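Engineer: build me a structure from this.
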Amino acid sequence: MTQAVMTEEEKYYFDLRGHLVVPSVLDADEIAVCIAAIEHHASQIRTRDVDGGGLAGGSPTLMGREGRQELTGMLGWPEPHCIPFRPLLAHPHVVSRLNIMCGPEDGGFACVAGSHKSGFPIPYGVKTADEDMGLVEQPSLQARDVLFFMDGAQSHGPMPWQAEHERRSVLFKYASCTATRTGKSRELADPEVFWGEELVAGMTAEERVVMHGPCSSLSEGVRLTVENGEVHVLE
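Structural biologist: So this is what the prediction gives:
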């Protein structure tokens, strides 16, 4: 089991490359209940339209057999189907690393490692992966792993999925509370206002912290810490 502490090697790798794979964060039982919840809501899965190039932007290298399948709203699903996903928001392995970060052949996630540090426009052939200059990489991932990456700061996207089984990933996007300052954002920052009470009802105090809207003037009860492998609200 991976330790719920960001190592010095992980810090260096993430700062240099812009992404980080943390292996074996979840166990088989945790994955099984997530899959069961997804299967229960399978009728809500929508497939992105590929007309006009879709997410591939017309690139033959990135174009899959069909559009990406997406399923949203799992945090607000009725119990018990929301329960497997909510703890992932404030998982010890996630919190311990975000606290520092913020302050393969089957297809799937790919990125241009180090592109978050580049001061020059990305060449078109690299962007489409048609002539990638050897820069596009696919981190090797297993079912229990967690992948951190810099989203808008790092050039990334999915390669066409070639395996017979479905590719299923839970995607959370985290934003720093300093993304906005005070004023109106302070009035909207509380989770029950920003997301609605129905969605956050039943969440733990730690999970609610993650659900705050961005506002730099928030100071009390909106920070998390990891002690002895458990996440706590930092008062």
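Engineer: next one: Trp161 from His232, what distance?
Structural biologist: Taking CB to CB, to the nearest Å as the measure, Trp161 falls 39 Å from His232. The way it works is simple: take the backbone N, C-alpha and C, and place the C-beta from them, glycine included.
Engineer: now do the SS call for Val170.
Structural biologist: Assigned with DSSP: H, G, I helix; E, B strand; the rest coil, Val170 falls in the coil class.
Engineer: oh, I was asking about Leu147
Structural biologist: What three-state DSSP gives for Leu147 is strand.
Engineer: what sits against it?
Structural biologist: By CB atoms under 8 Å, 6 or more residues apart in numbering, the contact set of Leu147 is His19, Leu20, Val21, Val22, Phe109, Pro139, Leu141.
Engineer: mind doing that once more with 10 Å?
Structural biologist: Going by CB atoms under 10 Å, 6 or more residues apart in numbering, Leu147 touches His19, Leu20, Val21, Val22, Val25, Gly108, Phe109, Cys111, Pro139, Leu141, Ser169, Leu171.
Engineer: burial count for the fourth one?
Structural biologist: Just to be clear, that refers to Val22. Residues near Val22, counting by other CB atoms under 10 Å, number 20.
Engineer: against His91, how distant is it?
Structural biologist: Using CB to CB, one obtains 10 Å as the distance from Val22 to His91.
Engineer: what subset of the contacts of Leu147 is buried?
Structural biologist: With neighbours counted by 16 or more other CB atoms under 10 Å, the contacts of Leu147 contain buried members at His19, Leu20, Val21, Val22, Val25, Gly108, Phe109, Cys111, Pro139, Leu141.
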